[in-house]
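Undergrad: Task: produce atomic coordinates for the following.
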Amino acid sequence: MPGNQIARRTVLRGAALAPLSAVRGSAANIAVTVGLIGTGNRGPYVAGLMAKHTAAKVVALCDIVPEKMARAEKTIGIEHPRKYGDLHQLLASDVDAVIIATPVYLHADHFEAAVKAGKHIYIEKPAAVDV
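TA: Next up, the predicted model:
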């Protein structure tokens, strides 16, 4: 390369590698925050596995029975989660994703509300009782 001229290949190689390093550096600092809707039996089990085996952080619990939320907090092993008695309050919060582990007859309504709130969703099967 004569003088100050940079080869086209050098520029393209640098441009291709820069985004990868930027993503690698920033992704390590960002954890997906998760809210659990339904703290009976399956919900805390799934949330516990997620907390243990992924970078996701379970930060909120939602149930109409406060005692179940207290038990789930211990089962999952999280400290000071935000607790909600109303599904819509949780969905209005800043969590990135929700686990829907409510009774099956509530799945469709809870799923629709989570979609409208723009949340990522893990829902237990079946997604609904009927079409």
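Undergrad: Provide a list of residues in contact with the most centrally placed residue in the chain.
TA: Centroid-nearest residue in the chain, with Cα atoms, centre = their mean: residue 97, separated by 3.2 Å. Counting by Cβ atoms under 8 Å, 6 or more residues apart in numbering, residue 97 makes contact with 32, 33, 34, 35, 56, 119, 120, 121, 122. Bear in mind the C-beta positions are built from the backbone N, C-alpha and C, glycine included.
Undergrad: Could I get the pLDDT score of the residue lying closest to it once chain neighbours are set aside?
TA: Closest residue in space to residue 97, ignoring its immediate chain neighbours: residue 120 at 3.8 Å, by Cβ to Cβ, 6 or more residues apart in numbering. Note on residue 120: pLDDT of 97.
Undergrad: Surely residue 120 is in contact with residue 96?
TA: Yes - counting by Cβ atoms under 8 Å, residue 120 touches residue 96, with 6.0 Å between them.
Undergrad: Looking at these two, which one has more neighbours?
TA: More crowded of residue 120 and residue 96, by other Cβ atoms under 10 Å: residue 96, with 16 against 13.
Undergrad: Would you agree the more buried one is in contact with residue 30?
TA: No - if you go by Cβ under 8 Å, residue 96 and residue 30 don't touch, sitting 9.4 Å apart.
Undergrad: The residue nearest to residue 97 and residue 109, how far apart?
TA: Taking Cβ to Cβ, to the nearest Å as the measure, residue 120 and residue 109 are separated by 18 Å.
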